[in-house]
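*Asks:* dropping the sequence and predicted coords here.
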Amino acid sequence: MSELGKLRIRLSARENFSTAIALIAVIALIQVVIIWFFYSHGLTDPYLFTLIPAGVVTVLTSNWIYLTEKLATIPKAPRKPSPSKPSVPSFIFKSHTMEITVKSAIITFAPFIILTIIAFSLPALTRFLAWLQGVAPPQISSFTESMHNSLISFRMTAPVWKYIYLETFSAVASTLVTLFVGGRH
């Protein structure tokens with residue numbers, strides 16, 4: 001078994017603190033855009049616009065801190081050098097402290113922003129699936145029809161539920177990716 005050494009990462013260090021502030025600022029900015037979008041579509045509940053974004057910012061920041069600590073745990077030098085091929089996980093895990101904080105921020109933030117972009121592109125996706133139904137071969141037409149019907153029924157959902165689904169699924173996806181990457185280390 002290899003022993004683990006701990007790379008010292010202090011969140012109070014200037015570069016790590018600035019990464020944390022930048023991450024929180026980007027998350028807050030995305031939350032403002034999401035709130036503005038749903039406010040312009042008729043959702044006006046002040047509790048939803050304060051409690052849920054605060055929870056999302058807390059979850060994503062906690063994910064970032066967890067992943068930064070996990071990535072900062074490096075194995076001590078083995079007694080016998082073993083040949084190994086470089087891989088993507090080894091690239092992620094062999095880094096300096098500033099690189100670790102930035103990489104963990106990207107890993108934490110990516111699922112959140114990807115699901116948010118997908119949610120905002122649902123109208124275009126619905127039009128694409130409607131077009132695809134007309135030109136698709138019979139083997140996949142039933143799949144495209146069911147996807148199209150599912151998206152139409154989701155678009156008819158009340159804005160409050162769309163908002164809750166978007167925030168919840170994005171935060172949960174970020175947490176799952178963070179736990180997966182942190183658990184692999």
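*Replies:* Perfect, thanks for sending it.
*Asks:* after the helix or strand of the chain with the lowest mean pLDDT comes which helix or strand?
*Replies:* Least confident helix or strand, the chain: helix 88-93 with a mean of 50, by mean pLDDT, DSSP states H and E. Per DSSP states H and E, the first helix or strand lying C-terminal to helix 88-93 is helix 97-120.
*Asks:* dump that following helix to CSV, restricted to CA.
*Replies:* Extracted in CSV, the C-alpha atoms of helix 97-120 (Å, rounded to 0.1, in the frame of the first residue of the first chain):
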residue,chain,number,x,y,z
THR,A,97,-1.6,24.1,-5.7
MET,A,98,-2.9,26.8,-7.9
GLU,A,99,-3.6,24.3,-10.7
ILE,A,100,-5.4,22.1,-8.2
THR,A,101,-7.7,24.9,-7.1
VAL,A,102,-8.5,25.9,-10.7
LYS,A,103,-9.0,22.3,-11.9
SER,A,104,-11.3,21.5,-9.1
ALA,A,105,-13.3,24.6,-9.8
ILE,A,106,-13.6,23.6,-13.4
ILE,A,107,-14.6,20.0,-12.5
THR,A,108,-17.2,21.3,-10.0
PHE,A,109,-18.6,24.0,-12.2
ALA,A,110,-18.8,22.1,-15.6
PRO,A,111,-21.8,19.8,-14.9
PHE,A,112,-23.7,22.8,-13.4
ILE,A,113,-23.1,25.1,-16.4
ILE,A,114,-23.7,22.3,-19.0
LEU,A,115,-27.1,21.4,-17.6
THR,A,116,-28.0,25.0,-17.3
ILE,A,117,-27.2,25.6,-21.0
ILE,A,118,-29.1,22.5,-22.0
ALA,A,119,-32.1,23.8,-20.0
PHE,A,120,-32.0,27.1,-21.8
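*Asks:* could you tell me the average pLDDT over it, please?
*Replies:* Mean pLDDT, computed over helix 97-120, is 83.
*Asks:* where does T44 sit: helix, strand or coil?
*Replies:* Secondary structure for T44, judged by DSSP: H, G, I helix; E, B strand; the rest coil, is coil.
*Asks:* how near is it to I34?
*Replies:* Distance of T44 to I34, given as Cβ to Cβ, to the nearest Å: 14 Å. No exception for glycine: its C-beta is placed from N, CA and C like everyone else's.
*Asks:* settle it for me: which of those two has more neighbours?
*Replies:* I34 (21 against 10; other Cβ atoms under 10 Å).
*Asks:* W161 belongs to a helix?
*Replies:* Yes. Counting by three-state DSSP, W161 is part of a helix.
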